[in-house]
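Peer 1: Provided below for reference: sequence and predicted model.
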Amino acid sequence: MARFINLPSADDAAEEDPLAGIANLFDVSIVFIVGLMITLFSVYRMGDLVDADSEVTMVKTDAQGRREIIVKKGTEITAYELSGEMTEGDGERLGTAYRLANGQIVYVPEDGNPPPP
């Protein structure tokens with residue numbers, strides 16, 4: 001019966017690839033990164049940034065206090081830097097903006113009608 005079982009002897013070393021575990025670590029890290037991105041997009045409600053039909057406007061302030069307005073319309077993204085300079089000119093009053101106690105800013109048009117979507 002022992003002649004049909006082919007067991008390696010104790011002197012023979014098992015052949016293993018030392019880099020086999022690295023490929024598995026790479027796969028796990030990719031899955032973790034994708035999961036983290038999905039979580040961040042859902043927590044910060046940033047799904048509109050990847051939607052081709054959406055319009056998004058953001059105000060970014062850097063460490064020096066400079067502000068930049070980023071506007072995304074469809075697939076086109078435009079960035080405007082604010083200069084902070086005062087200007088004069090003729091114009092039309094469109095409405096009033098109010099800052100609420102929680103920091104949210106609400107725009108109220110002059111005619112009382114909401115702006116078109």
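Peer 2: Received the coordinates, thanks.

Peer 1: wait, what's in contact with the most centrally placed residue in the chain?
Peer 2: The residue lying closest to the centre of the chain (CA atoms, centre = their mean) is residue 41, at 5.3 Å. Contacts for residue 41 (CB atoms under 8 Å, 6 or more residues apart in numbering) come out as 47, 49, 50. Heads up, the C-betas are built off the backbone N, CA and C, glycines and all.

Peer 1: Among the residues you listed, which one is most surrounded by other residues?
Peer 2: Among those, residue 49 has the most neighbours (other CB atoms under 10 Å), with 13 neighbours.

Peer 1: excluding its backbone neighbours, what's nearest that one?
Peer 2: Leaving aside its chain neighbours, residue 49 sits nearest to residue 56 (6.1 Å; criterion: CB to CB, 6 or more residues apart in numbering).

Peer 1: and the residue nearest to the centre of the chain, helix, strand or coil?
Peer 2: Look at residue 41: counting by DSSP: H, G, I helix; E, B strand; the rest coil, its state is helix.

Peer 1: Look up how far residue 49 lies from it.
Peer 2: Taking CB to CB, to the nearest Å as the measure, residue 41 falls 8 Å from residue 49.

Peer 1: now residue 57
Peer 2: Plainly put, residue 57 is 11 Å away from residue 49 if you go by CB to CB.

Peer 1: so what sits against both of those two?
Peer 2: Shared contacts of residue 57 and residue 49, counting by CB under 8 Å, 6+ apart, come down to residue 72.

Peer 1: Mind jotting down where the strands sit in the chain?
Peer 2: Ranges of strands in the chain, per DSSP state E, are 55-61, 67-73, 76-81, 95-99, 105-109.

Peer 1: State the pLDDT value of the nearest residue to residue 40 once chain neighbours are set aside.
Peer 2: The shortest distance from residue 40 to any non-neighbouring residue, by CB to CB, 6+ apart, is to residue 46 (7.3 Å). Looking at residue 46, its pLDDT stands at 78.
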